[in-house]
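[1] next input, structure requested:
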Amino acid sequence: MQAITSEDFEHIGDDTAVTVVDFWASWCGPCKMQTPVLEDLDQEYGDQVKFASLDVDQNQALAQKMGVMSIPSLVVFKNGYPTEKVVGYHPKAALKKYLDEKLDEVQA
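    From the prediction side, this is the model:
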């Protein structure tokens, strides 16, 4: 999973159909639980889904611009455009099912 900053963000999703950006903070307990789940999914999906993480404390203006009010927040991009936001901790099985549905939509 690639750590990104506001500068990297403008090109997020340019190179893949589905991208997930994890908005998190080092002090956030649920964020610490979500990170290993996302790292596992990153390995499983390979090039199908790109995963990135953005520290909201270091990128406050971007988090605000993206409407991130609670963390962890996963912003899903399809073909370079933000389409959905998933807020809170989610177990691996639930995120995998969700991402499989997003991939099916893109491929349809």
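
[2] and the helix or strand of the chain with the lowest mean pLDDT, what does it pack against?
    Between all helices and strands in the chain, the lowest mean by mean pLDDT, DSSP states H and E belongs to helix 6-9, at a mean of 81. Judged by 3 or more CB pairs under 8 Å, 6 or more residues apart in numbering; DSSP states H and E, the packing partners of helix 6-9 are helix 60-65. Using the backbone N, CA and C atoms, a C-beta is placed for each residue, glycine as well.

[3] contacts for the helix it packs on, please.
    S6, F9, F23, L54, V56 (CB atoms under 8 Å, 6 or more residues apart in numbering).

[4] my guess is the second one contacts S53. True?
    No - assessed by CB atoms under 8 Å, F9 is found out of contact with S53, at 11.5 Å.

[5] re earlier: now the contacts of helix 60-65 in CSV, with neighbour count and distance to L74?
    Shown next, in CSV, are the contacts of helix 60-65 (neighbours: other CB atoms under 10 Å; distance: CB to CB, whole Å):
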residue, neighbour count, distance to L74
S6, 14, 18
F9, 16, 14
F23, 26, 8
L54, 25, 11
V56, 20, 13
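
[6] from those residues, which is closest to G67?
    Distance to G67 across the contacts of helix 60-65 (CB to CB) is lowest for F23, with 10.0 Å.

[7] quick check, S53 in a helix?
    No - using DSSP: H, G, I helix; E, B strand; the rest coil, the assignment for S53 is strand, not a helix.
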